[in-house]
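Enquirer: Would you be able to build a 3D model of this:
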Amino acid sequence: MNISEITPNEIFSRLDLAYSKLWPIWFHGASGVGKSAIILAWAKHQAAKQDLDFYHVGKDQAPANPEKTFALIDLRVSTLDALDIKGAPKIEGENTVFKIPSMLPDAKRHGKFGAIFLDELPQGSPSVTNGLSQIIHDRILGDHYKLPDGWLIIAAGNRKQDQASTNKVGAHIYNRFMHFEVRPDVKAWAEFAIANGSDGRIPAFIRSIRDDATGLPYLHLYVKNAIAFPSPRVWSKVDELVSASIPLQTDMLLSCISSLVGEALANKVIGFLELANQLATWNEISKTPATARLPEQGSKDAASIYYVLIGMCVNRADEKTISSAVEFISRFPDRELQSTFMLDLQIKKPELMVNSSVSKWRSENSDIAV
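Expert: Take a look at the predicted model:
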């Protein structure tokens, strides 16, 4: 595609710009890279930034005061037909008019501010996308409907090369949008997982293990005709299974991971988890950080093990043990790995960043410190 590539972390800034000007914006990308989830997160963020109540239409209770509400209307364009957009016809005198569909933004019912999210736009039928064109072009529909002034139009969809069932979208529609292609990003996903309760093992797997054939990380790899394949969306589910407080039997865990990413990759994950169980224990790290076991240098699994250790230390450290964790991490031969620990700590436990041992490390490593 002839458009700019961005990471999921960069969606927020593009949406902020689009909203400031009310320019329609379209995010293209493979299934499962996180487009929809991040757009929802942005809408909540925008509501908080404007000190407004957030209303996810169809899921939340209707707002008590629409004047102080930021709403998100999430339309799956692939499920709509033309009447859902144009409205049902009725006779008024000698004229045929169309009733305004209830799903379209209404400042009095939904909120004075908001965004209408046209998800799966390329998967919609031409009659529907053409029906939407007047709203996208002129923010009106027929002679009865006008999109509220405080509302942004957002679109998203999969591309043909993603094995998605796409329909032709006219140039007259494309030309009204800002376009960005969202590509998966290992660092961004790992940060997201750590911030949302991951114990660090699946982020460590994603960071350190690559596909033998392509040399690419397993964050998003679609295999033709595959039903189960890795994507940020399913890795979040795998991470939830692995980080669960109730452990699953290995065969059950393997089966469940296989159902999400495929059998061959699931076996790699289980092998990685078994390797992680052979590392220095948290008890060793917290009690004797100066002598706790480090990975054998030069071994093919050393990098993977370091990432697991980072996840363990971030997950387990508290005010009493953070000094031990920093002392242990400081023994890592690669300072970039030490910096990764500090970055993950800042994301998940920012209150520990004021500890004297952390401050000392940052002072001694100011060139790479977060």
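
Enquirer: Please tell me how far stretch 34-43 is from the chain's geometric centre.
Expert: 7 Å (C-alpha atoms, centre = their mean, to the nearest Å).

Enquirer: What ranges does the stretch 151-300 of the chain have for its helices?
Expert: For the stretch 151-300 of the chain, applying DSSP state H, counting those that start in this stretch gives helices covering 171-174, 186-195, 201-208, 232-242, 250-261, 263-276, 282-287.

Enquirer: Kindly provide the whole-number mean pLDDT of the third one.
Expert: I take that to be helix 201-208. The average pLDDT within helix 201-208 is 87.

Enquirer: Is the closest residue to residue 97 other than its chain neighbours within a helix or a strand, and which one?
Expert: Using C-beta to C-beta, 6 or more residues apart in numbering and skipping the chain neighbours, the partner closest in space to residue 97 is residue 90 (6.0 Å). For glycine as for every other residue, the C-beta is placed from the backbone atoms N, C-alpha and C. Element membership of residue 90, judged by DSSP states H and E, is strand 89-92.

Enquirer: contacts for the next helix or strand after that strand?
Expert: Counting by DSSP H and E, the element after strand 89-92 in chain order, helix or strand, is strand 95-98. Applying C-beta atoms under 8 Å, 6 or more residues apart in numbering, the contact partners of strand 95-98 are 86, 87, 88, 89, 90, 91, 142, 144.

Enquirer: now for the helix or strand just after strand 95-98, which elements pack on it?
Expert: Next along the chain after strand 95-98, taking DSSP H and E as the criterion, comes strand 113-119. Where contact means 3 or more C-beta pairs under 8 Å, 6 or more residues apart in numbering; DSSP states H and E, strand 113-119 is packed against helix 35-49, strand 69-76, strand 150-157.

Enquirer: which stretch among these comes nearest residue 107?
Expert: strand 150-157 (7.4 Å; C-beta to C-beta).

Enquirer: What is that closest one packed up against?
Expert: So strand 150-157, by 3+ C-beta pairs under 8 Å, 6+ apart, packs with helix 11-21, strand 25-28, helix 35-49, strand 113-119.

Enquirer: Show me how far the first one is from its chain's centre.
Expert: From the chain centre to the centre of helix 11-21 is a distance of 17 Å (C-alpha atoms, centre = their mean).

Enquirer: returning to what we had before: can you list the contacts of strand 95-98 in TSV and add pLDDT, distance to residue 116 and neighbour count?
Expert: Converted to TSV, the contacts of strand 95-98 look like this (pLDDT from 0 to 100; distance: C-beta to C-beta, whole Å; neighbours: other C-beta atoms under 10 Å):
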residue	pLDDT	distance to residue 116	neighbour count
86	78	16	21
87	75	15	21
88	75	20	10
89	78	23	10
90	81	24	10
91	84	29	8
142	79	17	11
144	81	17	11
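
Enquirer: Output the residues you listed as a markdown table; include the columns distance to residue 362.
Expert: What follows is the contacts of strand 95-98, written out as a markdown table (distance: C-beta to C-beta, whole Å):
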| residue | distance to residue 362 |
| --- | --- |
| 86 | 59 |
| 87 | 60 |
| 88 | 63 |
| 89 | 67 |
| 90 | 68 |
| 91 | 73 |
| 142 | 60 |
| 144 | 60 |
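
Enquirer: Need the residues that contact the strand holding residue 90.
Expert: By C-beta under 8 Å, 6+ apart, the list of residues contacting strand 89-92 from outside reads 96, 97, 98, 99.

Enquirer: So the last one is in contact with residue 85, correct?
Expert: This points to residue 99. No - with contact defined as C-beta atoms under 8 Å, residue 99 does not reach residue 85; the gap is 11.8 Å.

Enquirer: Who has more neighbours out of these two?
Expert: Ranked by neighbour count (other C-beta atoms under 10 Å), residue 99 and residue 85 place residue 85 first, with 24 against 13.

Enquirer: Quick check: which of the helices and strands packed on strand 113-119 is nearest to residue 359?
Expert: helix 35-49 (30.1 Å).

Enquirer: Could you tell me the angle between the closest one and strand 69-76?
Expert: Interaxial angle of helix 35-49 relative to strand 69-76 (axes from the mean of the first three to the mean of the last three C-alpha atoms, to 10 degrees): 170 degrees.

Enquirer: Tell me which helix or strand comes right after helix 35-49.
Expert: Counting by DSSP H and E, the next helix or strand C-terminal to helix 35-49 is strand 53-56.

Enquirer: Closest one to residue 55 out of the contacts of strand 89-92, please.
Expert: For those, the nearest to residue 55 is residue 99 (22.9 Å; C-beta to C-beta).

Enquirer: Dihedrals phi and psi, that closest one?
Expert: phi -70, psi 140 (degrees, to the nearest 10).

Enquirer: Give the buried residues for stretch 247-262.
Expert: 253, 254, 257, 258, 260, 261, 262 (16 or more other C-beta atoms under 10 Å).

Enquirer: same check, this time on stretch 46-66
Expert: Across stretch 46-66, burial judged by 16+ other C-beta under 10 Å covers 46, 47, 52, 53, 54, 55, 57, 63, 66.

Enquirer: Residue 60 is in contact with the second one, correct?
Expert: Read it as residue 47. No - applying C-beta under 8 Å, one finds residue 47 not in contact with residue 60, separated by 11.1 Å.
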